[in-house]
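Engineer: Generate coordinates for the sequence data below:
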Amino acid sequence: MRLLEQIPHLRFPAPLPSRLLEVRQAFDGARVDDPALATRRALETSGILARIKAGDSVAVGVGSRGIANIVTIARAAVDRLKEHGARPFVVAAMGSHGGATAEGQRELLAGMGVTEESIGCEFRITMEVKEIGRIPGGPALHQDVHSAAADHTILISRIKPHTDFHGKLESGPSKMEVIGLGKRHGAEMMHAWGTIGFQRFLAPAARIYEANTNVRGAIAILENAYEETAEIVGLTADQIGTEAEARLLQKAKSLMMSLPFKSIDILVIRELGKNISGTGMDTNVLGKLEVNRQPEPEDRNDIGALVLLDLTEATHGNASGIGLANVTTARAVRKIDFIATYTNAITATTFGLKRSVIPITMADDRRALEVAVRCCGVPPDREPTFVFARNTLHVEHLWMSPNLRPQIEAHPRLTILGETPLAFDESGCMTSPWRMEP
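Structural biologist: Prediction:
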């Protein structure tokens, strides 16, 4: 790549802190001790189970996102349905994931440990759908044909903030109905409408699924900041897409990880990857969306410059989200698989446009940080503040510049563990607070 041939000797020197404070950030760790028992209670107390008779067939929809205790939760739901006399089976409710093929979706489930053996029932995986209605002034809605042929459908769905848009409803059972059960049709339709589609259509779509399909409800899961099961709640079909789901979303937002400060001069993220977030870096943690023609949230974080140092091995070159950064390194850019990255970006339409733009690229870590110092908007008479994090999935362990000590000591979630040098080897690769490989 000619760009990388031109920058090895390009440098814009600027002062960097010599030492960093090692900081632990504590979050609410409330969790469910017995997810299987909580799942059974959710089915029973919500009234979902009461609507199912002995001998009825029940499609249990499982998605592709990594949910803590998903095998335990899905198995408990299936076991309780069997005890009730029902005949449960699993369907894949994951839109176009898995290459939009039945075999690919079966493999995705197996990769999460969700198999016929582990769940204890038959799997009926297909990409075929049937139209079940149309949103007035909007698109047609669809349902997996195996799900539609059953007497009842129950979704297993995590409720959490979405990384592409903000609204009253985000990731949860209302979205799982439209995209999960709608398969490729549902995914393509929603992405074609962009952000406005999710904000406008999820609630009315839920009413159509309630009226026109066999969806009886959802086992709704909330997770804490450490990605542990925090709560399991049963939502009936008439509660999906309503204030009941919206309240759980607000609770999920209160539980999630976040940066400790709304204003940071320079945020340094070690790695980006699809294994960390669908957007490479979690936009809810960063506090910004960067979606084309979509306004930023009113409470967005004020980050002067975001430096991304590398890609994870598990992302296999998919650098979706690299455009959330302002500065990156040649090491990260060399690892980009442009086919995977651009396919992901363009499929996501408005969500992927800004997020796949390659930032200012410097030859090494030191030079990238120096560019951030020069461009972060801090006047010359003040030292910029630095916050270092391994990735947006783990912000419970941070490293910060010493000029943040007063704010750290005053913050109820933060504890200083010690100090460590900010150090680089002769090639400019960071060796502390963590080691980066050339």
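Engineer: Count residues in the vicinity of residue 271, would you?
Structural biologist: The burial count assigned to residue 271 is 24, neighbours taken as other CB atoms under 10 Å. Glycine gets a C-beta too; all of them are placed from N, C-alpha and C.
Engineer: My guess is it contacts residue 390. True?
Structural biologist: Yes: taking CB atoms under 8 Å as the definition, residue 271 is a contact partner of residue 390 at 6.7 Å.
Engineer: hey, which helix is longest across the protein?
Structural biologist: helix 195-212 (DSSP state H).
Engineer: buried sites along it?
Structural biologist: Buried residues in helix 195-212, defined by neighbour count with 16 or more other CB atoms under 10 Å: 195, 197-199, 201-210.
Engineer: among these, which two are most distant?
Structural biologist: 195 and 210 (24.3 Å; CB to CB).
Engineer: related to what we said a few turns ago, just how off-centre is the longest helix of the chain within its chain?
Structural biologist: 21 Å (CA atoms, centre = their mean, to the nearest Å).
Engineer: same question, stretch 224-238
Structural biologist: 15 Å.
Engineer: and what of stretch 351-367?
Structural biologist: So, by CA atoms, centre = their mean, the centroid of stretch 351-367 is 20 Å from its chain's centroid.
Engineer: Kindly report the same for stretch 177-186.
Structural biologist: With CA atoms, centre = their mean, you get 18 Å for stretch 177-186.
Engineer: now do the same end-to-end measure for it.
Structural biologist: 9 Å (CA to CA, to the nearest Å).
Engineer: Need the residues that contact it.
Structural biologist: 61, 63, 91, 93-96, 100, 127-129, 140-144, 147, 153, 155, 157, 187, 189-190, 201-202, 205-206, 209, 215, 240 (CB atoms under 8 Å, 6 or more residues apart in numbering).
Engineer: Could I get the average pLDDT for that stretch?
Structural biologist: Across stretch 177-186, pLDDT averages out at 91.
Engineer: got it, and stretch 363-383?
Structural biologist: 96.
Engineer: Kindly check the end-to-end length of it for me.
Structural biologist: Where stretch 363-383 begins and where it ends lie 24 Å apart, using CA to CA.
Engineer: buried sites along it?
Structural biologist: 363-373, 375-376, 378.
Engineer: Export the residues you listed to a markdown table and append columns for secondary structure and distance to residue 79.
Structural biologist: Below are those laid out as a markdown table (DSSP: H, G, I helix; E, B strand; the rest coil; distance: CB to CB, whole Å):
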| residue | secondary structure | distance to residue 79 |
| --- | --- | --- |
| 363 | coil | 57 |
| 364 | coil | 54 |
| 365 | helix | 51 |
| 366 | helix | 56 |
| 367 | helix | 57 |
| 368 | helix | 52 |
| 369 | helix | 53 |
| 370 | helix | 58 |
| 371 | helix | 56 |
| 372 | helix | 53 |
| 373 | helix | 57 |
| 375 | helix | 57 |
| 376 | coil | 54 |
| 378 | coil | 58 |
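Engineer: Kindly indicate which of these lies nearest residue 293.
Structural biologist: For the buried residues of stretch 363-383, the nearest to residue 293 is residue 375 (25.3 Å; CB to CB).
Engineer: My read is that the closest one contacts residue 303, right?
Structural biologist: No: in this structure, residue 375 is not within contact of residue 303 by CB under 8 Å, at 11.9 Å.
Engineer: Could you tell me which of the contacts of stretch 177-186 are located in helices?
Structural biologist: Those of the contacts of stretch 177-186 lying in helices (DSSP H): 147, 187, 189-190, 201-202, 205-206, 209.
Engineer: where does the stretch 1-150 of the chain dip in pLDDT?
Structural biologist: Applying pLDDT under 70 to the stretch 1-150 of the chain flags residues 1.
Engineer: now the strands: where do they sit in it?
Structural biologist: 19-25, 57-62, 87-92, 122-123, 129-134, 140-144 (DSSP state E, counting those that start in this stretch).
Engineer: Select, out of those, the one closest to residue 382.
Structural biologist: Of all the strands of the stretch 1-150 of the chain, strand 19-25 sits nearest to residue 382, with 18.0 Å by CB to CB.
Engineer: which strands and helices sit next to the closest one?
Structural biologist: strand 394-400, helix 405-410, strand 414-421 (3 or more CB pairs under 8 Å, 6 or more residues apart in numbering; DSSP states H and E).
Engineer: To residue 248, which of the ones you listed lies closest?
Structural biologist: Of those, nearest to residue 248 by CB to CB is strand 394-400, at 22.9 Å.
Engineer: how many degrees apart are the closest one and strand 414-421 in direction?
Structural biologist: Relative orientation of strand 394-400 versus strand 414-421 (axes from the mean of the first three to the mean of the last three CA atoms, to 10 degrees): 50 degrees.
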